[in-house]
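[1] Return atomic coordinates for the entry below.
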Amino acid sequence: MRLVDQDIEKLIGQRLKKARLEAGLTQAALAEKIGIKFQQLQKYESGKNRISSSKLLQSAITLDQPVSYFLCDARAVLTGRQLLSEPRSLDDDETIFGYGLIVHEIRDPAFRRSFINLIRRHNKIAEIT
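    Predicted coordinates for the structure are as follows:
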């Protein structure tokens with residue numbers, strides 16, 4: 001693995017461990033829920049092994065986190081930049097995509113629908129029901 005790849009695996013592993021601890025689960029408990037041995041989970045959390053997208057999705061569901069939670073700083077690792085310190089254009093495709101992820105993370109479906117409909121009304125786009 002290249003250095004950048006290892007950094008991303010460590011970042012994902014750190015986020016996985018943090019979410020697991022916040023959920024009050026042991027490594028053994030989470031591993032069982034996602035169908036792996038706890039030793040494999042240890043390797044994911046340390047960044048030694050790459051977690052598959054299906055196991056990441058299963059972990060996200062089990063830990064009640066959006067998948068984006070585990071990847072939110074990956075671009076900073078890839079580019080070597082701190083995203084939060086950089087002013088971004090509101091028209092930037094990556095910024096717009098980021099806002100989409102934020103909207104996706106709104107847990108209350110009624111509020112999310114209202115928020116999206118507000119934007120749609122403003123832009124004269126048909127509302128969703």
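
[2] average model confidence for the helix or strand containing L21?
    For L21, the host element (DSSP states H and E) is helix 3-22. The average pLDDT within helix 3-22 is 85.

[3] Downstream of it, the next helix or strand is which one?
    helix 27-34.

[4] Flag every buried residue along the helix holding L21.
    7-9, 11-13, 15-17, 19-20 (16 or more other C-beta atoms under 10 Å). (Each C-beta comes from the backbone N, C-alpha and C, glycine too.)

[5] now swap in stretch 35-48 and tell me
    36, 40-41, 43-45, 47.

[6] So, low pLDDT: which residues of the protein?
    For the chain, residues meeting the criterion pLDDT under 70 lie at 1-5, 73-101, 125-129.

[7] That one: helices as residue ranges?
    3-22, 27-34, 38-46, 53-62, 67-71, 74-79, 93-104, 109-122 (DSSP state H).

[8] CSV for the buried residues of helix 3-22, including distance to A28?
    Output for these, formatted as CSV (distance: C-beta to C-beta, whole Å):
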residue, distance to A28
D7, 27
I8, 26
E9, 22
L11, 23
I12, 20
G13, 17
R15, 19
L16, 14
K17, 14
A19, 16
R20, 11
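
[9] Just the closest of those residues to C72, please.
    Relative to C72, the closest of these is R15; by C-beta to C-beta it sits at 7.9 Å.

[10] how far away is that closest one from R107?
    Using C-beta to C-beta, to the nearest Å, one gets 18 Å for the distance from R15 to R107.

[11] circling back to that earlier point, got the buried residues of stretch 35-48 as CSV, with distance to P66 columns?
    CSV is the format used below for the buried residues of stretch 35-48 (distance: C-beta to C-beta, whole Å):
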residue, distance to P66
I36, 21
Q40, 23
L41, 20
K43, 23
Y44, 18
E45, 19
G47, 21
